[in-house]
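Participant: Task: produce atomic coordinates for the following.
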Amino acid sequence: MARRINAHLVVGGWWHDFDYARLQLLQLLGEHHEIRTTVASDYEDVDVIDGCDLLISYTCNVRPTEAAQQRLRSWVERGGRWFALHGTNSAIDPPVALGQGSFETPRAFPVFADTLGSQFLSHPAIEPYTVTVSPGAETDPLVAGIDPFDANDELYLSEYHGDLEPLLETRWSGDTGAGFAEKDWPVDEPRLVMYRRPLGDGCVLYFTLGHCRSHYDMIAPPFNGMYWPRIERGSWELDEFHTLLRRGIGWACEPARAEEPADTATPGAN
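Facilitator: As a prediction, the model looks like this:
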């Protein structure tokens, strides 16, 4: 009999349809009868995370306190597995008003960024780009058999930390435009879309895809509640994306599944 697996899902922040992302991720977790999930909108309930087998996050501009950053890192180092999605690695200071400056990406949480293995700095305008398996990762169970696919998503330009194991990537160089302060990216080099970040006895799996937005999600500055004219589902509409999410959840569960379940008696049995 499989033992119970405790998951903690953190979804929240700015400028995204977090209700949609939360529902989609809970449905994927619900495909595993042994997983039971607690839900939060930030990383401050570290006692709950300490008691979990796996952590999944989909946040944007959610900045853990210094104490939470240290506890998260310690949890990973002790063997935790963290499947981090999309804007989890972002710290963004918006301009006061649209057209009055750029979005700044301060190095506001160094321990958090180093634990994750990256920090988001900028992205060009949303348009399709091709995602491929990174060289040397073709037989890795997380990405094996994934053919190149086009993602209509935010292409993350990030600063990397630590020893990373690339799994998926794209290539891009150029000027992202006036939106972000760090807009010049002249070097044509791989931009990681999925990677592993081993840390102590644990590991982080980071997957940058998954942008989503609806009409009523722009309540934070500088948009301040403006009606967004279109619904954006991006990679959530791709079969490849759902395959990779399912594999990521399976990967996060591996240590718990490897443990021998305790002997249990069937209720009512003599």
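
Participant: and residue 180, how far is that from residue 188?
Facilitator: In this view, residue 180 and residue 188 are 19 Å apart by CB to CB, to the nearest Å. C-beta: built from backbone N, CA, C; applies to glycine.

Participant: helix or strand right after whichever strand in the chain runs longest?
Facilitator: Of all segments of type strand in the chain, defined using DSSP state E, the longest is strand 184-199. Heading C-terminal from strand 184-199, the first helix or strand you meet, by DSSP states H and E, is strand 202-207.

Participant: tell me what that following strand is packed against?
Facilitator: On a contact count with 3 or more CB pairs under 8 Å, 6 or more residues apart in numbering; DSSP states H and E, strand 202-207 meets helix 66-77, strand 81-85, helix 110-116, strand 184-199, helix 239-258.

Participant: any idea which of the ones you listed is most buried?
Facilitator: Comparing these by mean neighbour count (mean count of other CB atoms under 10 Å), strand 81-85 ranks first with a mean of 24.

Participant: what's the average pLDDT for the longest strand of the chain?
Facilitator: Strand 184-199 comes out with an average pLDDT of 97.

Participant: What strands flank it, and is each parallel or antiparallel?
Facilitator: Neighbouring strands of strand 184-199 in its sheet, by DSSP bridges, are strand 165-175 (antiparallel), strand 202-207 (antiparallel).

Participant: between the ones you listed, which one is nearest to residue 222?
Facilitator: strand 165-175 (21.1 Å; CB to CB).

Participant: Please work out the angle formed by the directions of that closest one and helix 239-258.
Facilitator: Interaxial angle, strand 165-175 versus helix 239-258 (axes from the mean of the first three to the mean of the last three CA atoms, to 10 degrees): 150 degrees.

Participant: heads up, I number from 836, so please use that
Facilitator: Got it, the first residue is 836 from now on, which makes the last one we talked about strand 1000-1010.

Participant: tell me which residues in strand 1000-1010 are buried?
Facilitator: Judged by neighbour count (16 or more other CB atoms under 10 Å), strand 1000-1010 contains these buried residues: 1000, 1001, 1002, 1003, 1004, 1005, 1007.

Participant: Quick check: mean pLDDT of it?
Facilitator: On average, strand 1000-1010 scores 98.

Participant: Need the contact partners of it.
Facilitator: The contact list for strand 1000-1010, computed with CB atoms under 8 Å, 6 or more residues apart in numbering, reads 959, 964-972, 975, 977-978, 981, 986, 990, 992, 1018-1033, 1042, 1079.
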